[in-house]
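# This is the structure alone, sequence omitted:
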């Protein structure tokens with residue numbers, strides 16, 4: 001190989017290495033998923049391996065769990081909780097972690113985020129409508145506190161069938177960095193529980209024991 005061709009080949013190799021390093025960053029929250037092809041679809045996970053849990057000794061054990069990883073750097077997990085009612089909807093605990101896209105080449109400003117990271121009145125009304133369809137709300141939303149800070153909740157009733165609570169919490173990077181580890185930019189958590197025998201005060205107490213594995 002002539003000296004000129006040698007220099008051209010060497011420059012091409014360096015350029016390729018730089019391009020590869022730009023595409024793969026250490027901020028990728030789930031590099032293995034990109035290889036496995038699980039980006040963009042729901043997959044089952046073991047409930048005990050989920051990154052969210054209700055840690056109270058008397059908290060109900062999840063029946064199942066699933067997760068969704070998006071190209072925009074989100075990890076969304078849903079835990080299905082026991083339900084002794086026949087009212088509409090499922091008892092569930094949902095968490096969304098937003099790490100941002102895995103690389104600058106995957107950023108899409110037009111792609112909507114899957115998780116709920118804000119709770120303005122309009123967003124809250126939609127959440128209530130989705131998770132407590134046709135329920136009768138019992139008063140205004142209330143504020144309570146767990147280990148990550150303040151959260152909101154509302155009590156509801158399916159007359160003669162079940163009492164319910166819907167809780168929501170939005171955490172930013174500052175809140176999450178205190179938990180250590182590779183904290184995401186933000187997180188949104190919701191819990192919906194209805195029960196044929198328990199009262200709202202008993203149901204909401206489970207959210208006080210919320211635990212996130214970052």
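Received it, and whenever you're ready, just let me know what you need. The structure presented is a predicted model; accordingly, all values stated were derived computationally and were not measured.
# OK, contacts around residue 204?
144, 153, 155, 165, 167 (Cβ atoms under 8 Å, 6 or more residues apart in numbering). The way it works is simple: take the backbone N, C-alpha and C, and place the C-beta from them, glycine included.
# Bridged to the residue with the shortest distance to the centre of the chain, which residues?
For the chain, the residue nearest the mean C-alpha position is residue 96 (1.5 Å; Cα atoms, centre = their mean). Beta bridges link residue 96 to residue 76, residue 188, judged by DSSP bridges.
# roughly how far apart are it and residue 75?
As for residue 96, its distance to residue 75 is 7 Å (criterion: Cβ to Cβ, to the nearest Å).
# for residue 112, same thing?
16 Å.
# Could you tell me which ranges of this structure sit under the pLDDT cut-off?
1-37, 101-111, 178-182 (pLDDT under 70).
# how about the helices in it?
Under the criterion DSSP state H, the chain carries helices at the ranges 3-23, 31-36, 121-131, 173-177, 200-204.
# May I see the buried residues of the third one?
The reference is to helix 121-131. 124, 127-128, 131 (16 or more other Cβ atoms under 10 Å).
# now swap in the last one and tell me
Applying a neighbour-count criterion of 16+ other Cβ under 10 Å, the buried positions in helix 200-204 are 200, 203-204.
# So which of those is the closest to residue 120?
residue 204 (21.8 Å; Cβ to Cβ).
# ok, the residue nearest to the centre of the chain - contacts?
74-77, 113-117, 187-189 are the contacts of residue 96 under Cβ under 8 Å, 6+ apart.
# Which one (most neighbours) among the residues you listed?
The most crowded member of the contacts of residue 96, judged by other Cβ atoms under 10 Å, is residue 187 (28 neighbours).
# contacting residues around residue 38?
Per Cβ under 8 Å, 6+ apart, neighbours of residue 38: residue 69.
# how close does residue 69 get to residue 204?
30 Å.
# scratch that, residue 128 is what I was asking about
For residue 128 relative to residue 204 (Cβ to Cβ), the value is 15 Å.
# same deal with residue 56?
11 Å.
# try residue 70
According to Cβ to Cβ, residue 70 and residue 204 sit 30 Å apart.
# all strands of this protein, in order?
Here the chain has its strands, by DSSP state E, at 42-45, 52-54, 64-69, 74-80, 92-98, 136-137, 142-146, 149-158, 162-172, 186-195, 210-212.
# Tabulate these (CSV), appending distance to residue 86.
Formatted as CSV, these follow (distance: least, Cβ to Cβ, whole Å):
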stretch, distance to residue 86
strand 42-45, 25
strand 52-54, 23
strand 64-69, 19
strand 74-80, 16
strand 92-98, 16
strand 136-137, 16
strand 142-146, 27
strand 149-158, 9
strand 162-172, 8
strand 186-195, 10
strand 210-212, 27
